[in-house]
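Undergrad: got a structure for you, letters missing:
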């Protein structure tokens with residue numbers, strides 16, 4: 001039984017650079033029939049240009065699994081910390097070009 005557990009375990013490596021993370025305050029999501037593309041952007045006040053800081057490309061199945069995992073984690077977070085408040089309007093102007101889908 002112990003050998004079977006070791007075969008099913010996934011060893012995940014996290015480098016120091018990746019562990020630091022990248023701050024993003026805007027996500028733009030686009031898709032085709034074979035993939036979802038998530039662009040994570042940092043918008044800074046007063047600057048007319050915002051750069052994509054990270055891009056993640058997912059299969060449709062993995063995108064749906066990510067959605068489910070996010071919903072589950074948000075429910076758990078809100079159960080402990082209270083409801084997350086969201087604004088109807090984004091806190092910064094959105095008319096700087098690029099794809100129109102947003103999250």
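TA: Noted; the coordinates are in hand. Keep in mind that what you see is a predicted model, and the values were worked out from it rather than measured.

Undergrad: contacts, neighbours, all on C-alpha from now
TA: Fine.

Undergrad: and stretch 67-85, average pLDDT?
TA: The average of the pLDDT scores along stretch 67-85 is 97.

Undergrad: just give me how far that stretch sits from the chain centre.
TA: 14 Å (Cα atoms, centre = their mean, to the nearest Å).

Undergrad: cool, and stretch 16-34?
TA: On Cα atoms, centre = their mean, the centre of stretch 16-34 falls 5 Å from the chain's centre.

Undergrad: with stretch 54-65 instead?
TA: Worked out by Cα atoms, centre = their mean, stretch 54-65 lies 9 Å from the chain centre.

Undergrad: how far does that stretch stretch from start to finish?
TA: With Cα to Cα, to the nearest Å applied, stretch 54-65 spans 20 Å between its terminal residues.

Undergrad: how about it: buried residues?
TA: Buried residues in stretch 54-65, counted by 16 or more other Cα atoms under 10 Å: 58, 60, 63.
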